[in-house]
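Participant: what would the 3D arrangement of this be:
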Amino acid sequence: MDLPQTSVSSPKQLEPSIFLRGTIAVLLGTLLLRVAGGVATGTLNFYLKSFGLEGLEVGFVAAGYYATELLLAPVFGALTDRVGRKALVVVAPVVGAIALLLYPLTSSLGVLFLIRVIEGISAAAAIPATLGYLSDLTDGSPHRARLMGAYEIVTLLGITGGGIVLAPLLWGALGTSSYPFLALVYILGALVFAFLLPNIGVKVQKRRTLADYLRALGNRRLVRFLPAWISATGVIGLWLVHVQNLLSKGKTLEVSNTQALLGAFTPAEVSKYLAWFAIFFLGGLYFWASRAKSERRTTPMLIAGGGLLLISVSWLMLNHPNILGAPLVALPVLGVVNLWFPVLLIGAFMQAGFTPMALAYLADISEDFPEDRGVVMGLYSIFLAGGNLIGGSLLGGVFVSALRLDGVILLTFLFTLMAFFSVMNIRRLSSD
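Facilitator: From the prediction side, this is the model:
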């Protein structure tokens, strides 16, 4: 185990075996953490639903995680440039494991909020360090976009596979007793990083000033991109925090007479339908990541906006079948479904192009600030946490409390419009 960061040659001179070892360690460790984190988030939705909670209450608990990540990600991102990436990558999952062990001990909203704060600390430390490491690993490499895409595929595979597929199964079998098991998975991820991850980054020797960081964070390309990324991550937060909760049968939420999808499914049925969404989304991630070298960064982002528009329209038609109904048909793989559901899956495939291109775009910008790369890549956490806080807790809580699932659909559409105009502005002013 080689925790101390050492000054080494530029990552451009890495031996192929070191590059391969670093890639495998990052992807395997990330997969373990994302699966455990996804299951924890999914089971928390069912835990809150068992108390009859939705809307603002669910958003309040989620805010503990996202607000903490938003505030601390820049601090930890800067710290990685001082002490190295690996130390934080190893320690962060241990903090997350401690948080998971606390869940079964309480049913208090306030205490659950504080537990999510601890999880937010773990994420704020882990994500900037991991992305900074990946950026170091791919410095000057033609494989950057593909590796960033692979990171997102592993991330989404863990979140969706854990939160959508495994969470209902574990909750049904173990209830809150699933959390100690998830804590062990976090510890396993920490061990993967500790023993398999090679040190490659150059430890920053020069003390950085506030002006250095403001110069990096004030980059025009970043400022132009901010609305698009906040919108995209706002959609993610909105869906992760509220969709499972709204679709599931619960203690107080009855099947709606005006919204066909509201409270209409058991957890297992929710898992089945969202699993199809995840499959098409992951397929889209792989497809768009593989085309990274032949596409302008903004092209898949615009296609992703079209996908979100399809998803919004499809959800509206599924939730209000009397507006413009579609026949129920038997499809060989999906079974008996409304025809709007396949349209929604096409939208999921299209939507997936945004994140791998956005990460590659951020890594491209970080090359202009090699000594502050941890700060720049830490923006991923800031954008992710900020968008999730806005979409999942602030606006999401208000829209869901007022309009239930229609609020999710309307806010998704509004986020789509903001992202579209932001990306068009980037495309107009640059060759990205």
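Participant: lowest-pLDDT helix or strand in the protein?
Facilitator: helix 210-217 (a mean of 66; mean pLDDT, DSSP states H and E).
Participant: how about the following helix or strand past that helix: buried residues?
Facilitator: Note on helix 210-217: by DSSP states H and E, the next helix or strand toward the C-terminus is helix 220-247. Buried residues in helix 220-247, counted by 16 or more other C-beta atoms under 10 Å: 222, 224-225, 227-247. Heads up, the C-betas are built off the backbone N, CA and C, glycines and all.
Participant: could you list the low-confidence segments of the stretch 251-400 of the chain?
Facilitator: The stretch 251-400 of the chain contains residues with pLDDT under 70 at 251-257, 292-295, 325, 329-331, 336, 370-381.
Participant: and the helices in it?
Facilitator: Using DSSP state H, counting those that start in this stretch, the helices of the stretch 251-400 of the chain run over residues 267-290, 298-319, 340-351, 354-366, 373-388, 395-403.
Participant: ranking these by burial, who's on top?
Facilitator: Highest mean neighbour count among the helices of the stretch 251-400 of the chain (mean count of other C-beta atoms under 10 Å): helix 373-388, with a mean of 26.
Participant: so what pLDDT did Gln13 get?
Facilitator: On the pLDDT scale, Gln13 is placed at 56.
Participant: quick one, longest helix in this protein?
Facilitator: When the chain is parsed with DSSP state H, its longest helix is helix 16-49.
Participant: buried sites along the helix or strand following that one?
Facilitator: Scanning forward in sequence from helix 16-49 by DSSP H and E, the next helix or strand is helix 56-83. Residues 57-70, 72-74, 76-81 are the ones in helix 56-83 that count as buried (16+ other C-beta under 10 Å).
Participant: and what of stretch 87-99?
Facilitator: 87-93, 95-99.
Participant: contact partners of it?
Facilitator: Contacts to stretch 87-99, defined as C-beta atoms under 8 Å, 6 or more residues apart in numbering, come from residues 3, 5, 29, 33, 36-37, 76, 79-80, 115-116, 118-119, 121-123, 125-126, 128-130, 133, 183-184, 186-187, 189-190, 193-194, 197.
Participant: among the residues you listed, which ones are buried?
Facilitator: 5, 29, 33, 36-37, 76, 79-80, 115-116, 118-119, 121-123, 125-126, 128-130, 133, 183, 186, 189-190, 193-194, 197.
Participant: can you tell me which of those are in helices?
Facilitator: Among those, the ones falling in helices (DSSP H) are 29, 33, 36-37, 76, 79-80, 115-116, 118-119, 121-123, 125-126, 128-130, 133, 183, 186, 189-190, 193-194.
Participant: now the angle from the helix or strand harbouring Leu157 to helix 16-49?
Facilitator: Secondary structure from DSSP H and E places Leu157 in helix 144-160. Between helix 144-160 and helix 16-49, the angle formed by their directions is 30 degrees, by axes from the mean of the first three to the mean of the last three C-alpha atoms, to 10 degrees.
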